[in-house]
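Undergrad: only geometry, no sequence info:
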């Protein structure tokens, strides 16, 4: 891959992810506003029957207005933001995965880098060597290493980015990312309730005490979106700078 091709592909990746984040924030804002307005709509207030899928037929359930009001407020103020937050974390992880892939394909020397605590490929099976082509083997190693990095802790991911990829983001980006990931984990695995694992992973940026239900309000969500867009852009700029020549520095050991 030439430097020109690398810059084009990583620029396209950055553009796609930032566009997706912007559009997601936009439609989430519209959805929340629409949900809020629906409670003031007399026609909506009279529509207390809800059609839902059921095995083999459509089922109708009935809720009174106070129940619908409670549901809508819960969706608007918690469930929607929880769900979209988890979705966007997955999109950032997808960006980082492809980001790693592009750098390792561009400068294959970096595959040799070892990070203690990561199960990176150090040896190849004889059959794979005999039966496989070098490009295919390199791609296989890269995919296995990416998987290993994303099964590791965010702190180990940071170490790999700095040591193998030469990407040195500021401390504030990483500490926010650690807290975002910790928030995502308790939403998915602990109904949004703060536990010891969250407090350990989030560190000084933790946003509650054990047993509290974590909140994602408009301010937090907006800051998350702005930070992740900047994070993606910074990664692109640092990668282009690091790989602008074939002699970009990296640490083998």
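TA: Alright, I've got the coordinates. From a predicted model like this one, the values you see are computed outputs, not experimental measurements.
Undergrad: how close does residue 227 get to residue 137?
TA: Using C-beta to C-beta, to the nearest Å, we find residue 227 at a distance of 37 Å from residue 137. C-beta here means a position set from N, CA and C on the backbone, and glycine is covered the same way.
Undergrad: and what of residue 15?
TA: Separation of residue 15 from residue 137 (C-beta to C-beta) stands at 31 Å.
Undergrad: neighbour-wise, which of these two wins?
TA: residue 137 (16 against 13; other C-beta atoms under 10 Å).
Undergrad: Spatially nearest residue to residue 35 (excluding sequence neighbours)?
TA: Leaving aside its sequence neighbours, residue 35 sits nearest to residue 76 (C-beta to C-beta, 6 or more residues apart in numbering; 4.5 Å).
Undergrad: looking at it, that neighbour is touching residue 34, isn't it?
TA: No: with contacts counted by C-beta atoms under 8 Å, residue 76 stays clear of residue 34, the gap being 9.3 Å.
Undergrad: Name the residue in these two with the higher neighbour count.
TA: Neighbour count, other C-beta under 10 Å: between residue 76 and residue 34, residue 76 has more, with 18 against 11.
Undergrad: got a list of what that one touches?
TA: Residues counted as contacts of residue 76 (C-beta atoms under 8 Å, 6 or more residues apart in numbering) are 32, 35-36.
Undergrad: Pull out the buried members of the residues you listed.
TA: Buried members of the contacts of residue 76, counted by 16 or more other C-beta atoms under 10 Å: 32, 35.
Undergrad: So residue 198 versus residue 86, what's the distance?
TA: Remark: distance between residue 198 and residue 86 (C-beta to C-beta) = 15 Å.
Undergrad: how near is the residue nearest to residue 35 to residue 52?
TA: From residue 76 to residue 52 the distance is 20 Å (C-beta to C-beta).
Undergrad: tell me the centre residue of this structure?
TA: In the chain, the centroid-proximal residue (C-alpha atoms, centre = their mean) is residue 89; its distance is 2.5 Å.
Undergrad: residues in contact with that residue?
TA: With C-beta under 8 Å, 6+ apart, residue 89 has these contacts: 180-181, 184.
Undergrad: Ok, residue 17 next?
TA: Residue 17 makes contacts with 91-92, 94-95, 232, as judged by C-beta under 8 Å, 6+ apart.
Undergrad: Quick check: what element follows the least confident helix or strand in the chain by mean pLDDT along the chain?
TA: In the chain, no helix or strand scores lower on mean pLDDT, DSSP states H and E than helix 126-131, which sits at a mean of 54. Later in the chain than helix 126-131, the nearest helix or strand by DSSP states H and E is helix 134-151.
Undergrad: Now that following helix: buried residues?
TA: In helix 134-151, counting by 16+ other C-beta under 10 Å, buried: 137, 141-142, 145-146, 148-149.
Undergrad: about what we covered before: please identify which of the contacts of residue 76 is nearest to residue 105.
TA: Of all the contacts of residue 76, residue 105 sits closest to residue 32, with 40.5 Å by C-beta to C-beta.
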